[in-house]
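In: Everything below, folded, please.
(one chain, ligands or ions: 1)
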Amino acid sequence: MEVDIFQTYIQLTKNSRLEQVNWDNLPFGKLFSDHMFTMDFENGNWSKPKIIPYGDISISPANSAIHYGQSCFEGMKAHRDVNGDIVLFRPYENARRFNSSNKRMCIPEINEEVFVNSILELISIDKEWVPQNLDHSLYIRPFIFATDPYIGIKPSDSYKFMIFTCPVGSYYKEPVSVKVETNYSRAVQGGTGFSKAAGNYAAALYPAMLATKEGFRQLIWTDAKEHKYIEEAGTMNILFVIDNVLITPIAGDTILNGITRKSVVEIAKDWEMEVQERKIEVKEVSDALKDGSLTEAFGAGTAATIAPISNISIYGENFLIPESKDYHFHTKVLKYLSEYKIGMHPDKFNWLIKV
Ligand code: COI
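Out: Here you go, the predicted structure:
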């Protein structure tokens, strides 16, 4: 079946895979919705956007994104609200971050309205894929990559922008065990750490694999120069509560500008909690763990949402973090944010956009 609505060419699938979904046991990122969005950049212009059945794509073996990594992505979620309507959470923040990543990687920027409208259009076609279970969501993966078949180092002349979605449950099913990494580095000053450049994630795999062998689920990266300051966890930003103050490293440069992190900080300020966005020494964290002033450590990310940390290994010494309690800030903010996203609170920050 082919229908043309708005400006987008739309080809609907004849074989929906919806019946394959086990809604009670959603894996993270393994099962993809029926359709995908695609738009090509060639000769300085974007082509007509298309929404077509989800499926494999064909690229040249000389594709420059495969060889040199000129590729960026975003991660965001759509939720079903308490009235059954579908809402996006802060999509313009993702549009802006996507463009800041793209700029750094010499990839053409995408108009913010085009970015958000493409997502709205795709989800309105695959709305049955947005979980009814209010604890689940539809993960949205916009991405862009170079498509020149060219063996030489230069920005590509052509690109493909695509979006697909997948219904998901939680990324971390239990509190996360982490190790402070003081050998390998994820990002350097003036590098690409602030962005969602694909290569950032590839470079993190090896040290993360070593940590997994030691029994840790994630690393906490430290600055590349001295391994003295806490940065982020790679799948999420990191936040601590020390002496009732919410403390998190400043985002940007070597640290991803996380939208969940930013939302948590904005909520904490709204709740009149003291918030410090500043450098945090590894030693400050271990001292605060030793004297008991550190009461909470958690990650914040789109996939991870708010992920409590169970223990932190620092220079080989393993520290247990106090268990999550209802009165803890991260428990309260997780509850509030989860409820906010499904319309249980007034949208006082203007964060929600209806599909
Ligand atoms: C996200 O939080 O959406 C990310 O991109 C992280 C990825 C590890 C799933």
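In: Any buried residues in stretch 155-172, and which?
Out: 156, 158-169, 171-172 (16 or more other Cβ atoms under 10 Å). For every residue, glycine as well, the C-beta is placed using N, CA and C.
In: Tell me which residue of the stretch 51-200 of the chain lies closest to the ligand.
Out: Nearest residue of the stretch 51-200 of the chain to the ligand: Gly75, at 2.2 Å (Cβ to the nearest ligand atom).
In: How is the residue in the stretch 101-250 of the chain that the ligand sits nearest to assigned, secondary-structure-wise?
Out: Closest residue of the stretch 101-250 of the chain to the ligand, Cβ to the nearest ligand atom: Thr235 (3.9 Å). Thr235 falls in the coil class when you classify it by DSSP: H, G, I helix; E, B strand; the rest coil.
In: That one: neighbour count?
Out: 22 (other Cβ atoms under 10 Å).
In: thinking it is in contact with Leu219, fair?
Out: No: counting by Cβ atoms under 8 Å, Thr235 does not reach Leu219; the two are 9.7 Å apart.
In: And the protein, what are its domain boundaries?
Out: 5-168, 176-341 (automatic domain parsing).
In: Kindly reformat those domains as TSV containing distance to Asn350 and mean pLDDT.
Out: Listed next are the domains of the chain as TSV, based on distance: least, Cβ to Cβ, whole Å; pLDDT from 0 to 100:
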stretch	distance to Asn350	mean pLDDT
domain 5-168	9	95
domain 176-341	11	96
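In: Asp347 is nearest to which of those domains?
Out: Smallest distance to Asp347 across those (Cβ to Cβ): 7.6 Å, for domain 176-341.
In: Near the residue lying closest to Asp223 once chain neighbours are set aside, how many other residues are there?
Out: Closest residue to Asp223 apart from its sequence neighbours, by Cβ to Cβ, 6 or more residues apart in numbering: Tyr229 at 4.5 Å. Using other Cβ under 10 Å, the number of residues around Tyr229 comes to 18.
In: got the contact list for the residue of the stretch 51-200 of the chain closest to the ligand?
Out: Gly75 makes contact with Asn94, Tyr139, Ile140, Arg141, Lys196, Gly301, Thr302, Ala303, according to Cβ atoms under 8 Å, 6 or more residues apart in numbering.
In: any idea whether the third one is helix, strand or coil?
Out: When the structure is split into helix, strand and coil by three-state DSSP, Ile140 lands in strand.
In: Measure how buried it is and give me the count.
Out: 23.
In: For stretch 105-114, which residues meet the burial criterion?
Out: Met105, Ile107, Pro108, Ile110.
In: Name all residues that make contact with the third one.
Out: The reference is to Pro108. So Pro108 contacts Phe41, Asn102, Tyr159 (Cβ under 8 Å, 6+ apart).
In: Select from those residues every entry located in helices.
Out: Asn102 (DSSP state H).
In: And the helices in this protein, which stretches?
Out: 64-68, 91-104, 112-125, 198-213, 259-270, 282-291, 329-341.
In: For Met1, give me the pLDDT.
Out: Met1 carries a pLDDT value of 36.
In: change the start of the numbering to 864 and stick with it
Out: Yes, from this point I'll number from 864; that puts the last item at Met864.
In: Give me the distance between the closest residue to Ser923 other than its chain neighbours and Thr1045.
Out: Of all residues not flanking Ser923 in the chain, Pro1012 sits nearest, at 3.6 Å (Cβ to Cβ, 6+ apart). From Pro1012 across to Thr1045, the span is 41 Å (Cβ to Cβ, to the nearest Å).
In: Check Gly1053 too.
Out: Distance from Gly1053 to Thr1045, by Cβ to Cβ: 21 Å.
In: If you count neighbours, what's buried in stretch 1099-1114?
Out: Buried, per 16+ other Cβ under 10 Å, within stretch 1099-1114: Met1099, Asn1100, Ile1101, Leu1102, Phe1103, Val1104, Ile1105, Leu1109, Ile1110, Thr1111, Pro1112, Ala1114.
In: next one: stretch 1200-1218
Out: Going by 16+ other Cβ under 10 Å, stretch 1200-1218 has these buried residues: Leu1200, Ser1201, Tyr1203, Lys1204, Ile1205, Gly1206, Trp1214, Leu1215, Ile1216, Val1218.
In: Please tell me I have it right and Trp1214 contacts Pro954.
Out: No: at 9.5 Å, Trp1214 does not count as touching Pro954 under the criterion of Cβ under 8 Å.
In: Residues of this protein that sit close to the ligand?
Out: Proximity of the chain to the ligand, by Cβ under 6 Å from any ligand atom, involves residues Gly938, Thr1098, Gly1164, Thr1165, Ala1166.
In: what sits against the third one?
Out: In other words, Gly1164. Gly1164 touches Gly938, Tyr1034, Ala1096, Thr1098, Met1099, Asn1100, Gly1121, Thr1123, Arg1124, Ala1170, counting by Cβ under 8 Å, 6+ apart.
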